[in-house]
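>>> turn this into a model:
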Amino acid sequence: MNPMLISIGGVAFLLAGLLYYAVFIEPLLIISRKYNLSLARPDIPSQGVQILHLSDFHFSGHFLDYIKIWLILKKIKTVPDLLICTGDFTDRAEGRVACQFLLNQLNSRFGRFAVLGNHDVMKYDFKRAYREVLSGKKGGEIHSDHLEETLQTLQRSHMIVLRNQTVPVNVSGCSIQILGVDEDISGLNQFEKMIDTIDSRALKVVIVHAPDQRDRYLAAGADLVLAGHTHGGQVCLPGIGPLILVSALPKKEIYGFHQFGKSFVHINRGVGCSRIAPFRFFCPPEIVWLSLFSNIGSKS
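Okay, here's the model as predicted:
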C-alpha cells in the first residue's frame, strides 16, 4: 500500500477523532470549581457566603441539552446562599424548555438573580457571529419578540432579572447589594445611571454578561464582578492559550478568577457553547462556587 495514502488516512482519522472529541466529548466534561475570597467585611457570617455562578447555557433544543442538565445537577450537591446566572440562556426558542427545567431544579437560600446576554436579546446567524469574532465589530438589532420570550422563561423559572437595576440582599446579617448590568454588546448597558444608587456600606456584587467594562465597575467600588460571555476562549492550545477572542480584555484575563487590589473578578467559561460553534478544545465547561469570608473577624 502506498505510504503516502497511509499517512493521509492516518491524519484524516486523527482529525476526525479530534473533531468528535471537541463536539461530543469535551462539551460534556463539566468541571466544578471552587474559590475562596477574603474580604474586609466584618458582617460576613463565620460560615461565609456561598455563591453559585452559572453562565452561558446556550440551550437550543438539542438532546445534548438534557445530558448537560443531568451532569450539572450531579455536580450541585448543596444549596447556595445566592444563585447568579450571567446570561446567554438560550440560542433558539426550542431551548427554552430545557432552560426552564434546569433553573426550576436549582435552589438558593436568599435569592436567584440573572442578567441577559447577547444571545438573549439578539438572534445570531453565522454571518453575524463570525463578523464579531473576525472583525471585532459588535452590536446589532434587538429582537423584541425573542427578548420578551426569554424574559418570560426566566420569570417562570422564578429568576429575578436585573436590567440596570440594583437590589439589596441580607445574607445571614451580611448586607449585599447586587448590581445587575444589562446586556452590553447591544447597547443596553446603562451602568452610568446606576452609580448614584450604589450603597457604599454594602458588599457590592456586579453581575454582567460581557466583562469588557470590568475596570469601570471596579472603579465604581465593586467588591466582586461576575461575568461570562467569553467561554474561556472555547478553543485553547497549550502554550498559546485561547484562540476565539470575543473580549477586549487581555488574553490571560478573559476567563477565570482574578484579584485587583481588594476586589475580585470571576469570568465564567460557561456550561454550554453556541450552536454556531458547538465545540470546545482544552477549555472544558464549568460551574463555579465562590465562598466569601471575612478577613477582619467573623460574626458569631
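>>> contacts and neighbour counts: CA atoms only from here.
Fine.
>>> could I get the full set of helices for the stretch 201-300 of the chain?
Taking DSSP state H, counting those that start in this stretch as the criterion, the stretch 201-300 of the chain carries its helices at 214-219.
>>> where does pLDDT dip in it?
297-300 (pLDDT under 70).
>>> and Gln177, how far from Leu14?
Counting by CA to CA, to the nearest Å, the gap from Gln177 to Leu14 is 51 Å.
>>> neighbour count: the two, which is higher?
With other CA atoms under 10 Å as the criterion, Gln177 and Leu14 differ in neighbour count, and Gln177 comes out ahead with 22 against 12.
>>> where does the stretch 51-200 of the chain dip in pLDDT?
Within the stretch 51-200 of the chain, the stretches with pLDDT under 70 are 124-142, 144.
>>> can you map out the strands along it?
Secondary structure of the stretch 51-200 of the chain, counting by DSSP state E, counting those that start in this stretch: strands at 82-85, 111-114, 160-161, 165-171, 174-180.
>>> I'd like to know which elements the first one is packed against.
When you say that, I think you mean strand 82-85. Counting contacts by 3 or more CA pairs under 8 Å, 6 or more residues apart in numbering; DSSP states H and E, strand 82-85 packs against strand 49-54, strand 111-114.
>>> what comes into contact with that strand?
Taking contacts as CA atoms under 8 Å, 6 or more residues apart in numbering, the residues outside strand 82-85 that touch it are 50-55, 107-115, 207.
>>> of those residues, buried ones?
A residue is treated as buried here by neighbour count (16 or more other CA atoms under 10 Å); on that basis the buried members of the contacts of strand 82-85 are 50-55, 108, 111-115, 207.
>>> name the residues of stretch 26-42 that are buried.
Residues of stretch 26-42 classed as buried under the neighbour-count rule (16+ other CA under 10 Å) are Glu26, Pro27, Leu28, Leu29, Ile30, Leu37, Ser38, Leu39, Arg41.
>>> redo these as TSV? Include pLDDT.
What follows is those, written out as TSV (pLDDT from 0 to 100):
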residue	pLDDT
Glu26	97
Pro27	96
Leu28	96
Leu29	97
Ile30	97
Leu37	96
Ser38	95
Leu39	96
Arg41	94
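>>> mind listing which of the residues you listed are in strands?
Secondary structure from DSSP state E places Leu37, Ser38, Leu39 of those in strands.
>>> contacting residues for the residue nearest to the first one when sequence neighbours are not counted?
It refers to Leu37. Distances taken as CA to CA, 6 or more residues apart in numbering put Leu292 closest to Leu37, at 4.8 Å, once the chain neighbours are dropped. Taking CA under 8 Å, 6+ apart as the criterion, Leu292 is in contact with Asn36, Leu37, Ser38, Leu39, Ile44, Gly48, Val49, Gln50.
>>> quick check, nearest of those residues to Asp196?
The shortest separation between Asp196 and any of the contacts of Leu292 is 23.3 Å, and it belongs to Leu39 (by CA to CA).
>>> pretty sure that closest one is touching Ser291, no?
No - at 10.4 Å, Leu39 and Ser291 do not qualify as touching, with contact defined as CA atoms under 8 Å.
>>> show me what the lengthiest helix in the chain is packed up against.
In the chain, ranked by residue count with DSSP state H as the criterion, the top helix is helix 3-20. Secondary-structure packing of helix 3-20 (3+ CA pairs under 8 Å, 6+ apart): no helix or strand packs against it.
>>> chain center to that helix, what's the gap?
35 Å (CA atoms, centre = their mean, to the nearest Å).
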